[in-house]
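# A predicted structure for the sequence below; I have some questions about it.
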Amino acid sequence: MFEKNYYCLVAGLREYTLDADNKGFDAREVIDEIREELSKHDRHSLELFYGYYDIENIISLKAARSRFNLLGNFSREELEQQVAQPTKLPSYMADVLRAYADPEGEEAESIDTSLPIERNLYAAYYAACAESGCRYLREWAEFDRTLRNVCAAYAARRAGQEVEGVVVGHDDITDSLSRSSASDFGLKGEVDYLDEVMAAVADEQNLVEKERKIDRIRWSMSDALAEKDYFNINTILSYLSKLNIVQRWFALDERVGRAMYDELIASLSGREVVSKAIESI
């Protein structure tokens, strides 16, 4: 399938972002505006990308917590209905919910319901991303799962907990995290950002700074994964990866959020967009 290019959309991302800030920084509005401009195929990639936040919200609802992430595809009211009867959720989410609702049912045959539901939901999410036709989404999901697993493994080890119980999915890296007793879990040279994660997780005194360091890893990776893309869905998802981080930091620490916002705006300058256009010719 040929990739669709979004010249006008990418050129207008700076204006979308500035407009969002004028309204108190509403990332959801930017996402919805972008969604309307995408092809059906790319819209599906966008919805899968934001499915992670739907899972966050499902877990929150099942735990009767008030927190709800507005970056998800579904509203609170929609998810409350879908958790009880998943008729409109993507199959990778719905199958897990049905398995836990009926441990003797057909869906439960391939899902280990003895595990916490969140582990199976996230594992199903990352498996769905791995099958996506969107390169950025596949590679971002693999990176995101590894980053979260490495962070969780270090935190579990420091707390004296079993690492195997906190990692999601199965691959060589999760095997090393679960079994290795080495200080770096035997992953030196396998995970490029391992030293940065170790430094961040070791900072127990300043949790905000720890989160900032980890999000800097995400920010850098979002650039790297779309380095040679210019006007396609990979470029747009790279931008949205950073937009999500900015949204998060406006809620956590407005000073940090403002600095990241300024960095995002700078990356969307007219000069840079024109430069990319010339390079793509």
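Everything's here; your move.

# give me the low-pLDDT residue ranges for the chain?
Where the chain drops to pLDDT under 70, the residues are 1-2, 22-23, 204, 270-281.

# got the CA coordinates for the lengthiest helix in it in PDB?
Criterion DSSP state H: the longest helix present in the chain is helix 135-158. Written as PDB, here are the backbone C-alpha positions of helix 135-158 (Å, rounded to 0.1, in the frame of the first residue of the first chain):
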ATOM      1  CA  ARG A 135       6.200   1.300  10.700                       C
ATOM      2  CA  TYR A 136       6.400   4.100  13.300                       C
ATOM      3  CA  LEU A 137       3.700   2.500  15.400                       C
ATOM      4  CA  ARG A 138       5.400  -0.900  15.300                       C
ATOM      5  CA  GLU A 139       8.800   0.500  16.300                       C
ATOM      6  CA  TRP A 140       7.400   3.000  18.800                       C
ATOM      7  CA  ALA A 141       5.300   0.300  20.500                       C
ATOM      8  CA  GLU A 142       8.400  -2.100  20.700                       C
ATOM      9  CA  PHE A 143      10.500   0.800  22.200                       C
ATOM     10  CA  ASP A 144       7.700   1.800  24.600                       C
ATOM     11  CA  ARG A 145       7.200  -1.700  25.900                       C
ATOM     12  CA  THR A 146      10.900  -2.200  26.400                       C
ATOM     13  CA  LEU A 147      11.300   1.200  28.100                       C
ATOM     14  CA  ARG A 148       8.400   0.500  30.500                       C
ATOM     15  CA  ASN A 149       9.700  -3.000  31.200                       C
ATOM     16  CA  VAL A 150      13.200  -1.900  32.000                       C
ATOM     17  CA  CYS A 151      11.900   0.800  34.300                       C
ATOM     18  CA  ALA A 152       9.600  -1.600  36.000                       C
ATOM     19  CA  ALA A 153      12.300  -4.200  36.400                       C
ATOM     20  CA  TYR A 154      14.700  -1.800  38.000                       C
ATOM     21  CA  ALA A 155      12.000  -0.600  40.400                       C
ATOM     22  CA  ALA A 156      11.000  -4.100  41.300                       C
ATOM     23  CA  ARG A 157      14.500  -5.200  42.000                       C
ATOM     24  CA  ARG A 158      15.100  -2.200  44.200                       C
END
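
# Going by contacts, tell me the helices and strands next to it.
Applying 3 or more Cβ pairs under 8 Å, 6 or more residues apart in numbering; DSSP states H and E, one finds that helix 135-158 makes contact with helix 40-49, helix 117-130, helix 172-179, helix 194-201, helix 207-225, helix 233-252. For every residue, glycine as well, the C-beta is placed using N, CA and C.

# With just CA atoms, put the fifth one into PDB.
Presented in PDB, the C-alpha positions along helix 207-225 are these (Å, rounded to 0.1, in the frame of the first residue of the first chain):
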ATOM      1  CA  LEU A 207      10.400  11.700  41.400                       C
ATOM      2  CA  VAL A 208       9.500  14.600  39.000                       C
ATOM      3  CA  GLU A 209      13.100  14.700  37.700                       C
ATOM      4  CA  LYS A 210      13.100  10.900  37.300                       C
ATOM      5  CA  GLU A 211       9.900  11.200  35.100                       C
ATOM      6  CA  ARG A 212      11.400  14.100  33.200                       C
ATOM      7  CA  LYS A 213      14.500  12.100  32.300                       C
ATOM      8  CA  ILE A 214      12.500   9.100  31.100                       C
ATOM      9  CA  ASP A 215      10.300  11.300  29.000                       C
ATOM     10  CA  ARG A 216      13.400  12.800  27.500                       C
ATOM     11  CA  ILE A 217      14.300   9.300  26.300                       C
ATOM     12  CA  ARG A 218      10.800   9.100  24.700                       C
ATOM     13  CA  TRP A 219      11.200  12.500  23.100                       C
ATOM     14  CA  SER A 220      14.500  11.600  21.500                       C
ATOM     15  CA  MET A 221      13.200   8.300  20.300                       C
ATOM     16  CA  SER A 222      10.200   9.900  18.700                       C
ATOM     17  CA  ASP A 223      12.500  12.000  16.600                       C
ATOM     18  CA  ALA A 224      14.800   9.100  15.700                       C
ATOM     19  CA  LEU A 225      12.000   6.900  14.500                       C
END
